[in-house]
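[1] fold the stuff below for me.
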Amino acid sequence: MLVFPDCKINLGLRILDRRADGYHNIETIFYPLPFNDALEIILSDNKDFLIFSNSGLPVNGDSADNLCVKAYWLLKKDFPELPCIQMHLHKCIPMGAGLGGGSADAAFTLQLLNKLFSLNLSVSQLIAYATHLGSDCAFFIINTPCMATGRGELLEPVTADLSGYILALVNPGIHVSTGEAFSAVPLHQATSNPLSLVEIINQPVNTWQKFLVNDFEESVFKTYPLIKDIKERLYQVGAVYAAMSGSGSSVFALFSKKNPPSTNITLPFFVKLIPL
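    Next up is the predicted model:
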């Protein structure tokens, strides 16, 4: 069976405080994007429980550390009857880019295994498993716009409609360490806007530039000024709103469909235009 994990952007991101467990409490709105990897799982006659392969963008590291593989073994602990499978992942979503592509792959693996082998896991149970794999994995079980709090695993669906826009997604190929990004944000300087993120996104998009802020941007832009330059360039070519997603390095911009971006945005990086 074949599925197509998508990715997300962050509409605003507030870093509130550091928790006793070493993580940070955040507020953000996750918004899913129709930009996909491909994941296939089939039964295997091989004596190995799991055979994993991949194509597309290179996936660095040991395959045992891949979140799709970890998702299989996480379920296998509670469902030892899970059979031997072959799993193939075709990567299109850049990694380490603030888009949650790896988390989406893991969440879709959980859902696919649940469906293929009739594990009868509820949405809340799938969310609980996903939370073990990553702070934003749970979002991709719901996969509709959500206000996320806690580490990003506490989710509340919200109304957010960007259907009148074209999104330009730019990834410069810079890997920003999430841990380093968190450590570089002075918490006392984090956003203190009295408006909630939900109140902000319910305002016209052309007001977002003033109010909808990603707290990572200030410190990440200092370390990687090229990312700041990309954001500024997107405004120069007519974006209504532009921001970095997550801890970077991807930057997205919203363009009105009545005033679409040129297909020749002059940026020497990965650029994808996505109608919403």
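[2] name the element residue 31 belongs to?
    Taking DSSP states H and E as the definition, residue 31 sits inside strand 24-33.
[3] list the buried residues for that strand?
    In terms of neighbour count (16 or more other CB atoms under 10 Å), strand 24-33 has its buried residues at 24, 26, 27, 28, 29, 30, 31, 32, 33. C-betas here are computed from N, CA, C, even on glycine.
[4] what are the pairing partners of that strand, and which direction each?
    Strand pairing for strand 24-33, determined by DSSP bridges: strand 7-18 (antiparallel), strand 146-149 (antiparallel).
[5] and the last one, C-alpha only, in PDB?
    Written as PDB, here are the backbone C-alpha positions of strand 146-149 (Å, rounded to 0.1, in the frame of the first residue of the first chain):
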ATOM      1  CA  CYS A 146      -3.900  23.100  14.700                       C
ATOM      2  CA  MET A 147      -2.800  25.300  17.500                       C
ATOM      3  CA  ALA A 148       0.000  23.400  19.200                       C
ATOM      4  CA  THR A 149       1.200  23.900  22.700                       C
END
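[6] ok, back up a step: out of the strands paired with strand 24-33, which is closest to residue 101?
    Within the strands paired with strand 24-33, the stretch nearest residue 101 is strand 7-18; the backing value is 4.9 Å (CB to CB).
[7] and the contacts of the helix or strand where residue 77 lies?
    Using DSSP H and E, residue 77 sits within helix 67-78. Judged by CB atoms under 8 Å, 6 or more residues apart in numbering, the contacts made with helix 67-78 from elsewhere in the structure are 39, 49-50, 52, 63, 82, 85, 87, 89, 102-103, 105-107, 109-110, 113-114, 119, 129, 132-134, 137.
[8] residue 95 is in contact with residue 59, correct?
    Yes. In terms of CB atoms under 8 Å, residue 59 counts as a neighbour of residue 95; the distance is 7.1 Å.
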